[in-house]
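Asker: Model the following, please.
(one chain, ligands or ions: 1)
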Amino acid sequence: MAGGAASPLAPLLALVGLVLCCFAASSDAELPRLAHPAKPDGSLSLLVVGDWGRKGGYNQTDVAVQMGRIGEELDIDFVISTGDNFYDNGLTGVDDKAFEDSFTKIYTAKSLQKPWYTLLGNHDYRGDAVAQLSPALRAIDRRWICMRSFLLDAEVAQFFFVDTTPFVHSYWTNPEDHHYDWRGVAPRERYVSALLKELDAALRASPARWKFVVGHHGIRSVSIHGDTKELVDLLLPLLRSNGVDLYINGHDHCLEHISSNDSPIQFLTSGGGSKAWRGVFIPNSDKLQFFHDGQGFMSMQVREGRVEVAFYDVRGGVLHRWSSAKELHPSLSDLIVKLVGATPVGGGFFPLFSPMWGLWTSAMLVVMLHVYTIIVCTSSDHLVCCTSELPPLLQSGLPQQSSVLFQASSRLVLVRYGPNIIP
Ligand SMILES: *[C@@H]1O[C@H](CO)[C@@H](O)[C@H](O)[C@H]1NC(C)=O
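Answerer: Here you go, the predicted structure:
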């Protein structure tokens, strides 16, 4: 009966949905949002490749074969492309055969028949950039999901894709003999500042355990392009202030892992999809963990308490591994002892409205002491303390690098963990 009653309403509801959707899409106040569910056990596996589309040339096919093999082994959920999808000058239009010759006919392995969340690189902007964003390509190959900037919510982690090409001044002021397709982007200042505002808001509102930002250009790189100054100046401060764990990019045709010296951020370059071997090495002031000046790709395995990254060469051999744990619970007691000098006596999980994020966050652990209530948000790195006596204690008792983010009243303080408190 309910089904029969609902059916006449269905077209109307669909229309309302469509109108709401268009309204949301036309507003420039929010990053477009996509969702990709994690596996039933809450984990996520994926591959990252960049700088690839050369119709199989320069070992693109060899890298693709190894991606297929590792993709199968890790049972990947999706692939991320960090841009420079089609060389030398992007696509000429939606009917450019390079789309199939460099993508569909190359990444043929069964494990790679998953969504490809894709960004534009500077070479893509030298062709018909708008074509790569067109749903017409999805009709040719349904894996293709290419947008300028967007938020991919994959439950255990959120990925923030940032269109970095428009940041770079020289493409605007000194394009040499290249033509950049700035339709929908110019003027630069307005585009970049609106994008940074949207990104900051999305990062701040994110309740995700892990926050990963993906761009085409590197923030830090030891290869030929080096650091991207515009991103160091404009993007890096946002990553720092919002507790971003990883910045992932392509652009330099190599594999790199660099650790920031003054924040927990790791810089990961996966730009080895085809042509490589530039033969350039320019060290910078951050800590270089790994550099491979050749072809390859990267994998990521993400769980609630742990992220694991691996880099592979053109033959699929592992060159470098790195992992990071974020287990709140074991060290929580230590933190509380440091804060209030007393051992916690109990805890539990329940949903809580967060005044700072303006939304309900999921699991929170509450530790009841006889005087203090300490609420720890387990889905991000924030700690809320409710007590009238905590502020002086916070000043003296908080470990270094922690800071008070928000003080609603003398009874509610939101504190951010310092980077080294939770191992
Ligand atoms: C392709 O990879 C092989 C190793 O498998 C290497 O010897 C060769 O130089 C690579 N070719 C290019 C063009 O990079």
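Asker: Pull the contacting residues for the closest residue to residue 127 other than its chain neighbours.
Answerer: The shortest distance from residue 127 to any residue other than its chain neighbours is 2.5 Å, reached at residue 90 (Cβ to Cβ, 6 or more residues apart in numbering). Just so you know, the C-beta spots here come from the backbone N, C-alpha and C atoms, and that holds for glycine as well. If you count contacts by Cβ atoms under 8 Å, 6 or more residues apart in numbering, residue 90 has them with 120, 123-129, 131-132, 181.
Asker: Using JSON lines, please lay out these together with neighbour count, secondary structure and pLDDT.
Answerer: Below are the contacts of residue 90 laid out as JSON lines (neighbours: other Cβ atoms under 10 Å; DSSP: H, G, I helix; E, B strand; the rest coil; pLDDT from 0 to 100):
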{"residue": "120", "neighbour count": "29", "secondary structure": "coil", "pLDDT": "98"}
{"residue": "123", "neighbour count": "21", "secondary structure": "coil", "pLDDT": "98"}
{"residue": "124", "neighbour count": "28", "secondary structure": "helix", "pLDDT": "98"}
{"residue": "125", "neighbour count": "28", "secondary structure": "helix", "pLDDT": "98"}
{"residue": "126", "neighbour count": "21", "secondary structure": "helix", "pLDDT": "98"}
{"residue": "127", "neighbour count": "24", "secondary structure": "coil", "pLDDT": "97"}
{"residue": "128", "neighbour count": "19", "secondary structure": "coil", "pLDDT": "98"}
{"residue": "129", "neighbour count": "23", "secondary structure": "helix", "pLDDT": "98"}
{"residue": "131", "neighbour count": "21", "secondary structure": "helix", "pLDDT": "98"}
{"residue": "132", "neighbour count": "26", "secondary structure": "helix", "pLDDT": "98"}
{"residue": "181", "neighbour count": "19", "secondary structure": "coil", "pLDDT": "98"}
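Asker: Return the closest of those with respect to residue 316.
Answerer: residue 123 (25.9 Å; Cβ to Cβ).
Asker: List the contacts of the one residue in the chain that gets nearest to the ligand.
Answerer: Closest approach between the chain and the ligand, counting by Cβ to the nearest ligand atom: residue 59, at 3.9 Å. Taking Cβ under 8 Å, 6+ apart, we find residue 59 in contact with 274, 276, 295, 314.
Asker: Likewise for residue 48?
Answerer: Shown in contact with residue 48 (Cβ under 8 Å, 6+ apart): 79-82, 214, 248, 268, 270, 297-300.
Asker: Could you pull up the residues touching the closest residue to residue 132 other than its chain neighbours?
Answerer: Leaving aside its chain neighbours, residue 132 sits nearest to residue 146 (4.9 Å; criterion: Cβ to Cβ, 6+ apart). By Cβ under 8 Å, 6+ apart, residue 146 lies in contact with 85, 118-120, 132-133, 137.
Asker: confidence score at residue 146?
Answerer: Looking at residue 146, its pLDDT reads 98.
Asker: Look up phi and psi at it.
Answerer: phi -120, psi 120 (degrees, to the nearest 10).
Asker: thinking again about what came up before, near the ligand too, which of the contacts of residue 59?
Answerer: 276, 314 (Cβ under 6 Å from any ligand atom).
Asker: Just the ones of the contacts of residue 59 in helices?
Answerer: Taking DSSP state H, every one of the contacts of residue 59 sits outside helices.
Asker: Tell me the buried residues within the contacts of residue 59.
Answerer: Applying 16 or more other Cβ atoms under 10 Å to the contacts of residue 59, the neighbour count classes 274, 276, 295, 314 as buried.
Asker: ok, the residues you listed vs residue 35, which is closest?
Answerer: residue 274 (30.7 Å).
Asker: So which bits of the chain are right by the ligand?
Answerer: So the chain meets the ligand at 58-59, 62, 276-277, 314-315 (Cβ under 6 Å from any ligand atom).
Asker: quick revisit: could you dump the buried ones among the contacts of residue 59 to a markdown table with distance to residue 232?
Answerer: As requested, these are exported to a markdown table (distance: Cβ to Cβ, whole Å):
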| residue | distance to residue 232 |
| --- | --- |
| 274 | 27 |
| 276 | 24 |
| 295 | 27 |
| 314 | 30 |
